[in-house]
Each structure stands twice: as structure tokens, then as C-alpha cells.
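**Student:** Based on what follows, work out the 3D shape:
(one chain, ligands or ions: 2)
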Amino acid sequence: MKERENAVILSQERIAQGIYSMWLKTKAAGEARPGQFISMYTNDGSKLLPRPISICEIDKEKGALRVVYRVTGENTGTELFSKMQAGDTVPVIGPLGNGFPFEKAEGKKVFLMGGGIGVPPILELAKQVACAKKQIVVGYRDAETFLREEFEQNGEVYISTEDGSVGTKGNVMDAIRENALEADMIYACGPTPMLRAIKSYAEENGIECYISLEERMACGIGACLACVCKSKEKDHHTNVNNKRICKDGPVFLSTEVEI
Ligand SMILES: Cc1cc2nc3c(=O)[nH]c(=O)nc-3n(C[C@H](O)[C@H](O)[C@H](O)COP(=O)(O)OP(=O)(O)OC[C@H]3O[C@@H](n4cnc5c(N)ncnc54)[C@H](O)[C@@H]3O)c2cc1C
Ligand code: FES
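**Tutor:** Ligands and ions are numbered 1, 2, ... in the order given. Okay, here's the model as predicted:
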């Protein structure tokens with residue numbers, strides 16, 4: 001079992017309204033893969049459960065991970081993280097979950113799709129994936145298109161915004177249609193309605209598609225079943241149609257899960 005460790009904050013900055021980027025020095029960097037996450041604990045004894053946050057970038061040489069997170073409200077754990085500074089420590093466990101099977105993209109035309117706070121894990125994926133054509137399709141609410149410059153250094157970038165201020169007005173599926181894009185492999189992370197639309201587009205067009213699901217978590221290590229989703233196949237431990245997002249995922253082949 002992975003041990004809890006005190007990660008040291010190397011830097012922290014606000015990169016958009018309510019969105020923060022933090023680099024952490026942590027042993028978890030050594031074996032991390034794109035699409036995995038870390039469980040971050042606050043130092044506030046009244047908030048015992050960890051916050052699962054995706055790995056946005058991995059720097060193995062420095063032994064550091066980048067996370068990009070949204071503050072969800074006042075007096076939340078993420079608000080406490082946003083007030084921390086370089087030199088402070090954050091207890092973490094990780095890397096957790098399975099990550100994107102990016103090796104399967106070799107020789108393929110690929111969509112890397114992220115929406116909202118599902119955008120960050122797509123960055124390390126874009127850096128590591130080796131494929132014939134890399135099309136990064138990312139969706140935001142408005143002109144605060146955080147991580148855009150980093151994406152532009154790593155592939156062809158297509159943007160959608162809900163208010164139409166940048167790129168295609170609408171969502172990531174609208175951006176695909178407007179630019180007449182095609183792919184034979186998809187990796188995606190974002191809100192459930194977006195993943196549902198991508199899943200049905202992939203299945204209608206016979207495209208292999210991996211989606212990273214999000215669910216409220218408690219233990220983060222597969223022990224409490226707080227995070228299950230419905231699966232096509234029966235789980236061989238419990239004999240029910242369930243998968244634990246924290247342990248069996250968060251990345252699933254789209255045809256394996258019902259969302
Ligand atoms: C695999 C995974 C990866 C994620 N990656 C990111 C990321 O990269 N950036 C980001 O901003 N957010 C990410 N999230 C969502 C993030 O975990 C929640 O926004 C965060 O836990 C909310 O905590 P809070 O302290 O702001 O809210 P609180 O209301 O104080 O949280 C209370 C409790 O509920 C849990 N909780 C609340 N909302 C969620 C949620 N949506 N998912 C899981 N647990 C939740 C918290 O972990 C905590 O235990 C991810 C979630 C999952 C499951
Ligand atoms: S959060 Fe406990 S099993 Fe997934």
C-alpha cells in the first residue's frame with residue numbers, strides 16, 4: 001500500500017479566476033503516469049478526507065508533480081490549498097489510479113479532449129503521447145483558457161468556449177464538428193455530460209476511446225466503495241456490475257462503463 005508523505009510546495013500561482021497551479025516535490029513523481037491522481041490532505045483536522053487531484057505535469061528529474069485545481073467554495077479544502085505557499089508541506093498519497101494507456105496511440109490519429117477542470121491531466125498526456133496526429137481539443141467557460149500556451153507547444157490545439165469568446169462557441173464536440181476533425185483514438189477527461197457525448201460519438205463511429213471519470217471519493221484507495229460506477233461486466237470480487245473509480249480507474253475504456 002502507498003504511504004502518506006509530506007510533499008513540499010515548490011511554487012504556487014493563480015492561473016485563472018479561482019484556478020491555481022501548484023508544483024510539489026514528492027516521491028510520487030518517480031512512478032507517475034498521465035491520468036493518475038494524488039490524494040491531497042489539508043492540515044485542518046476537521047477535514048479528514050483527502051481531495052483527489054489529477055497529475056497535470058510530471059518532472060521526474062526534479063522529483064516534482066504539478067497539479068492544477070479549482071477552488072470550489074469558501075471554507076473548502078481546495079480553498080485551504082490555495083492559501084498555501086512555497087515551503088509549506090501538504091500530506092499526499094500517490095500516484096493513484098491507472099492512468100491513460102497512451103502507448104496504444106502509436107501510429108494513430110488521436111483526439112486528446114479536456115473540459116473544464118478535466119483539462120489539466122490532458123497536458124502531461126499531450127507531452128508523453130507519441131502518435132501520427134495529435135489533436136488537442138479543450139473546452140472552457142470563457143476566455144480564461146488556462147494551460148493553452150503549454151498545449152500549443154505539444155500539438156494542434158482546438159478550443160471551445162461556452163460564451164464563444166475564444167475558438168468555437170459551444171463544447172468540445174462542437175469544435176470537432178466545426179473543424180471537421182477526425183480521429184481513430186480518443187482520450188478524454190471532463191464533466192460527465194461531456195464524457196457521455198464523447199462516449200456515444202466514439203461508439204457510433206467505432207473509435208477506441210478512453211475516458212477519465214470523476215466521482216466523490218472518500219478513501220481513494222479502493223477500500224470503501226464510495227466511488228463506484230456501473231460497469232458492463234461483473235466485478236469478480238463482489239459479483240456486481242460495479243467498478244471503483246479510484247482503484248479500477250479513473251480511466252476506463254468507454255465501452256466498459258455506463259455513465
Ligand atoms: C480522479 C479525480 C481527479 C480530479 N482531478 C481534479 C483536478 O485536477 N483539479 C480539480 O480542481 N479538481 C479535480 N477533481 C475534483 C476534486 O477532487 C474536487 O473538486 C475536490 O475534492 C473538492 O474538494 P473541496 O475541498 O474543494 O470541497 P469540499 O466540499 O470541502 O469537499 C468535501 C469532500 O468531498 C469530496 N469531493 C467534493 N467534490 C468532489 C469531486 N468532484 N470529486 C471527488 N471528491 C469530491 C472532497 O474530496 C472532500 O472529501 C478530481 C476528482 C477526481 C475524482
Ligand atoms: S474512494 Fe473508497 S473505494 Fe474509491
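**Student:** Spit out the contact partners of residue 61.
**Tutor:** Taking Cβ atoms under 8 Å, 6 or more residues apart in numbering as the contact definition, residue 61 lies against nothing. (Each C-beta comes from the backbone N, C-alpha and C, glycine too.)
**Student:** what does residue 87 give?
**Tutor:** 8-9.
**Student:** hmm, try it at 10 Å
**Tutor:** Residues near residue 87 by Cβ atoms under 10 Å, 6 or more residues apart in numbering: 8-11.
**Student:** Buried ones from those residues, can you make that a ChimeraX selection?
**Tutor:** In ChimeraX syntax, the buried subset of those is picked out as below (16 or more other Cβ atoms under 10 Å):
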select :9,10
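**Student:** could you dump the contacts of residue 87 to JSON lines with pLDDT, distance to ligand 1 and secondary structure?
**Tutor:** Shown next, in JSON lines, are those (pLDDT from 0 to 100; distance: Cβ to the nearest ligand atom, whole Å; DSSP: H, G, I helix; E, B strand; the rest coil):
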{"residue": "8", "pLDDT": "98", "distance to ligand 1": "19", "secondary structure": "strand"}
{"residue": "9", "pLDDT": "98", "distance to ligand 1": "16", "secondary structure": "strand"}
{"residue": "10", "pLDDT": "98", "distance to ligand 1": "17", "secondary structure": "strand"}
{"residue": "11", "pLDDT": "98", "distance to ligand 1": "17", "secondary structure": "strand"}
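**Student:** Ligand 2: which of the contacts of residue 87 is nearest?
**Tutor:** Lowest distance from ligand 2 to those (Cβ to the nearest ligand atom) belongs to residue 9, with 24.7 Å.
**Student:** so the closest one touches residue 65, yeah?
**Tutor:** No - the criterion here is Cβ atoms under 10 Å, and residue 9 misses it with residue 65 at 11.1 Å.
**Student:** Near ligand 1, which residues of this protein are found?
**Tutor:** Within the chain, the residues that sit near ligand 1 (Cβ under 6 Å from any ligand atom) are 37, 49, 51-54, 68-70, 72, 76-78, 117, 120, 214-217, 250.
**Student:** If we use 5 Å, what do you get?
**Tutor:** 37, 49, 51-54, 69-70, 72, 76-78, 117, 120, 214, 216-217, 250 (Cβ under 5 Å from any ligand atom).
**Student:** Filter those residues down to the buried ones.
**Tutor:** Buried members of the residues of the chain next to ligand 1, scored by 16+ other Cβ under 10 Å, are 37, 49, 51-54, 69-70, 77-78, 117, 120, 214, 217, 250.
**Student:** quick one, domains of this structure?
**Tutor:** Following automatic domain parsing, one finds the domains of the chain at 5-96, 102-204, 215-259.
**Student:** anything in contact with each of residue 9 and residue 65?
**Tutor:** Residues touching both residue 9 and residue 65 (Cβ under 10 Å, 6+ apart) are 22-25.
**Student:** Quick check: the two most widely separated of these?
**Tutor:** Greatest spatial distance among those (Cβ to Cβ): 22 and 25, at 11.0 Å.
**Student:** Now the common contact residues for these two.
**Tutor:** By Cβ under 10 Å, 6+ apart, the residues touching both residue 22 and residue 25 are 7, 9-10, 65.
**Student:** Would you reformat these as CSV and include distance to residue 181?
**Tutor:** Formatted as CSV, these follow (distance: Cβ to Cβ, whole Å):
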residue, distance to residue 181
7, 38
9, 38
10, 36
65, 31
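**Student:** Mind picking the two most distant members of the residues you listed?
**Tutor:** 9 and 65 (11.1 Å).
**Student:** The domains of the chain: lowest mean pLDDT?
**Tutor:** Ranked on mean pLDDT, the bottom entry among the domains of the chain is domain 215-259, at a mean of 89.
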